[in-house]
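Asker: Following is a predicted model, sequence given first.
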Amino acid sequence: MASTRTLNERLSEHRLEHKVLCAFQDDIHQLVRLVTAGLLFEKEKERFFTESVAPVMEKLLAYLRHTYGAEHPRVANLSPTALVWEMQAIEHLVRSDIEAALNNDPATDDALEVIICYPGFKATRYHRLAHIFYRHSIPLLPRLISELAHQETGIDIHPGAQIGANFFIDHGTGVVIGETAIIGKNVTLYQGVTLGAKRFYRDDKGIVVKGNARHPVIGDGVTIYAGATILGRITIGDGSSIGGNVWLTESVPPKSRVTQQRYLSSYFTDGDGI
């Protein structure tokens with residue numbers, strides 16, 4: 001049922017002063033840097049996460065309680081310790097994303113270059129963290145994480161998207177991945193790919209119905225080339241390749257090869273035409 005509250009009423013429920021917002025954003029970047037360092041470079045991981053990552057997580061939760069109120073049902077009982085344990089559990093995913101870049105991009109054989117320089121890996125590691133918070137229905141934080149990555153990389157991944165291991169986004173600018181998208185293992189996307197919704201459903205008051213599965217399901221081992229647009233709750237079968245600039249709104253079976261129609265030229269005389 002649509003809310004009857006005005007925008008001012010909704011805004012008055014929260015407190016997010018400019019100083020708090022800036023601190024919130026700075027500490028999110030710090031969290032991602034620390035988690036990356038902890039997962040990839042620290043030998044005493046548990047100690048590092050306890051001493052370095054957990055305090056930053058505490059600060060982020062404090063910002064949320066300040067903004068939404070300490071008794072907010074989605075904020076009140078959050079455990080920073082449990083969340084930090086979940087962050088450690090994504091190590092295999094983060095490492096697999098680095099390996100995916102090394103295995104699929106002929107332009108590098110340097111893992112450190114991938115970690116520091118590749119926008120696709122940056123957007124993906126931000127997403128891995130944002131998805132943890134999204135699964136717990138934590139307000140604001142997951143979307144703020146994904147938007148900070150979007151601003152810095154041009155890659156827009158909704159924190160609700162489910163993404164398997166060995167995920168690689170090459171170049172990346174303009175990639176859009178919607179909330180209910182499901183991406184399997186060993187998937188590669190190039191710049192400008194959209195995994196979007198074909199339509200939105202509205203209630204009898206004209207308000208968009210939220211939460212429906214409306215984005216594509218991408219199977220294992222799929223490659224989607226630059227500029228392709230895939231819309232709706234359709235399935236791209238395992239091992240398929242979707243060519244550049246393809247517009248696709250229907251499911252395709254495993255090992256499909258989908259490309260644009262070849263260019264056709266014709267000569268017109270007198271009144272002939274298309």
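Answerer: Looks like it arrived, so ask away. Numbers count the residues shown, from 1 in each chain.

Asker: residue contacts, the residue sitting nearest the centre point of the chain?
Answerer: For the chain, the residue sitting closest to the mean C-alpha position, by CA atoms, centre = their mean, is Ile157 at 2.7 Å. With contacts defined as CB atoms under 8 Å, 6 or more residues apart in numbering, Ile157 is in contact with 123-124, 126-127, 130, 146, 149-150, 163, 175, 177. Quick note: C-beta positions are derived from backbone N, CA and C, even for glycine.

Asker: all strands of the stretch 151-274 of the chain, in order?
Answerer: 156-157, 162-163, 168-169, 176-177, 182-183, 188-189, 194-196, 217-218, 223-224, 229-231, 235-236, 241-242, 247-248, 257-258 (DSSP state E, counting those that start in this stretch).

Asker: could those go into CSV alongside mean pLDDT?
Answerer: Below are the strands of the stretch 151-274 of the chain laid out as CSV (pLDDT from 0 to 100):
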stretch, mean pLDDT
strand 156-157, 98
strand 162-163, 98
strand 168-169, 98
strand 176-177, 98
strand 182-183, 98
strand 188-189, 98
strand 194-196, 98
strand 217-218, 98
strand 223-224, 97
strand 229-231, 97
strand 235-236, 98
strand 241-242, 95
strand 247-248, 94
strand 257-258, 94
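
Asker: Figure out which of the ones you listed is closest to Ile115.
Answerer: strand 168-169 (13.5 Å; CB to CB).

Asker: I figured Val32 hits Leu129, correct?
Answerer: Yes. Using CB atoms under 8 Å, Val32 makes contact with Leu129 at a distance of 6.2 Å.

Asker: what is in contact with the two at once?
Answerer: Ile145.

Asker: which of the two has more neighbours?
Answerer: Leu129 (25 against 20; other CB atoms under 10 Å).

Asker: My guess is the more buried one contacts His29. True?
Answerer: No. Using CB under 8 Å as the test, Leu129 is too far from His29 to be in contact (11.2 Å).

Asker: count of neighbours near Arg128?
Answerer: Applying other CB under 10 Å, we find 24 residues neighbouring Arg128.

Asker: bridging residues for Ile236?
Answerer: Beta-bridge partners recorded for Ile236 (DSSP bridges): Ile218, Val252.

Asker: average pLDDT across stretch 40-56?
Answerer: For stretch 40-56, mean pLDDT is 97.

Asker: can you dump the C-alpha coordinates of that stretch into PDB?
Answerer: Extracted C-alpha coordinates of stretch 40-56, given in PDB (Å, rounded to 0.1, in the frame of the first residue of the first chain):
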ATOM      1  CA  LEU A  40      44.500 -10.100   0.200                       C
ATOM      2  CA  PHE A  41      47.600  -9.000   2.100                       C
ATOM      3  CA  GLU A  42      47.300  -9.600   5.900                       C
ATOM      4  CA  LYS A  43      48.700 -12.800   7.400                       C
ATOM      5  CA  GLU A  44      46.800 -12.500  10.700                       C
ATOM      6  CA  LYS A  45      43.400 -11.900   9.100                       C
ATOM      7  CA  GLU A  46      41.200 -12.400  12.200                       C
ATOM      8  CA  ARG A  47      43.300 -10.000  14.300                       C
ATOM      9  CA  PHE A  48      43.400  -7.400  11.500                       C
ATOM     10  CA  PHE A  49      39.600  -7.500  11.000                       C
ATOM     11  CA  THR A  50      39.000  -7.300  14.800                       C
ATOM     12  CA  GLU A  51      41.400  -4.400  15.400                       C
ATOM     13  CA  SER A  52      41.100  -2.400  12.200                       C
ATOM     14  CA  VAL A  53      37.900  -3.300  10.300                       C
ATOM     15  CA  ALA A  54      35.500  -3.700  13.300                       C
ATOM     16  CA  PRO A  55      36.000  -0.100  14.600                       C
ATOM     17  CA  VAL A  56      35.200   1.400  11.200                       C
END
